[in-house]
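**Student:** got a predicted structure plus its sequence, pasted below:
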Amino acid sequence: MFSHEERVKAIQLFLKYDCSYAATIHELGYPSVGALRKWYKEYLISGELHSDYRKKSKYSEEQKRIAVNHYFEYGQCYARTIRLLGYPNRESLRQWCEELAPGARKLRKSAVKLSQDQKDDVLRKFYKPRTNRKKLAKDEGVSRGSLYQWKNTFLGKDFPLRMTSKNQGKQKELLLKENEKWLTDITEFKIPAGKVYLSPLIDCYDGAIISWTIGTKPDSELVNTMLDTGIATLQDQEHPIIHSDRGAHYRWPGWIE
């Protein structure tokens, strides 16, 4: 991708700056560290850079244009373009962008718009063990700040940043889809008139209250009415799992069946 003169100039500057990759690339604006290392290795072995260094690309000009256009149209994310098209490697795509659209990569990260499903997918990657979150943000075409904003929005500011044995189960619950897992329990309130009992049904996806009942007795009518009301809100394809403390209230035949 670079002419013989450009490569010679890079090696000369590299030697002048005591083999500093950063100083050379900063002044020239090219190449990558990997390319410069390869050129320098060739120079050490043969004492020169061959003029026929460039080899014919296995990709056509049309394929290059398709890849570059996809990169700019879908959030300027190398990983997304390579994953969807199946080619090329990251360094080749970067060079194609510089060649066919120089200077166009300076798009603000905040300009990248992702759907809710895409954000959910990114959050799942966010909590995978040994995830490099800086690299994740770069691969997805967003800023690191956006990752933490999404985490705070969907999981809460107090939710731990790392998966541990204590919060792993909760994280899995909170990263579910709507109406996949519900929570329920009975809470007792003491008021001047006596005791009242609240039985809510909560969706793990967003904390929404699906249904609730209140009564003066923690009996089967209280929880069964709550369950029937919650089931009535479901679509035909939705079959949530209900998590409770497995007390006697949730062992009536209607619950078990």
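**Tutor:** Here it is on my side, so go on.
**Student:** residue 68 contacts residue 101, doesn't it?
**Tutor:** Yes. Checked against CB atoms under 8 Å, the pair residue 68 and residue 101 is within contact range at 6.0 Å. Yep, even glycine has a C-beta here, placed from its N, CA and C like the rest.
**Student:** neighbour count: the two, which is higher?
**Tutor:** Set side by side, residue 68 and residue 101 show more neighbours around residue 68, with 19 against 14, by other CB atoms under 10 Å.
**Student:** which other residues reach the helix or strand in which that one is found?
**Tutor:** For residue 68, the host element (DSSP states H and E) is helix 61-73. Under the contact criterion CB atoms under 8 Å, 6 or more residues apart in numbering, helix 61-73 has outside partners 57, 59, 77-78, 81, 84-85, 87-88, 93, 96-97, 99-101, 104, 107.
**Student:** avg pLDDT for that helix?
**Tutor:** Throughout helix 61-73, pLDDT has a mean value of 85.
**Student:** list the buried residues of that helix.
**Tutor:** 64, 67, 68, 70, 71 (16 or more other CB atoms under 10 Å).
**Student:** now that helix - C-alpha only, PDB.
**Tutor:** Taking Å, rounded to 0.1, in the frame of the first residue of the first chain, the C-alpha atoms of helix 61-73 are listed here in PDB:
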ATOM      1  CA  GLU A  61     -11.200  -2.500  -5.800                       C
ATOM      2  CA  GLU A  62     -14.900  -3.200  -5.700                       C
ATOM      3  CA  GLN A  63     -14.500  -5.300  -2.500                       C
ATOM      4  CA  LYS A  64     -12.400  -2.500  -1.000                       C
ATOM      5  CA  ARG A  65     -15.100   0.100  -1.700                       C
ATOM      6  CA  ILE A  66     -17.800  -2.200  -0.300                       C
ATOM      7  CA  ALA A  67     -15.800  -2.700   3.000                       C
ATOM      8  CA  VAL A  68     -15.000   1.000   3.400                       C
ATOM      9  CA  ASN A  69     -18.600   2.100   2.700                       C
ATOM     10  CA  HIS A  70     -19.900  -0.400   5.200                       C
ATOM     11  CA  TYR A  71     -17.400   0.800   7.800                       C
ATOM     12  CA  PHE A  72     -18.600   4.400   7.500                       C
ATOM     13  CA  GLU A  73     -22.300   3.600   7.200                       C
END
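**Student:** average pLDDT across the next helix or strand after that helix?
**Tutor:** Per DSSP H and E, the first helix or strand lying C-terminal to helix 61-73 is helix 78-85. Here helix 78-85 scores 84 as its mean pLDDT.
**Student:** which helices and strands does helix 78-85 pack with?
**Tutor:** helix 61-73, helix 90-100, helix 133-140 (3 or more CB pairs under 8 Å, 6 or more residues apart in numbering; DSSP states H and E).
**Student:** so which bits of it are buried?
**Tutor:** Buried, per 16+ other CB under 10 Å, within helix 78-85: 78, 80, 81, 82.
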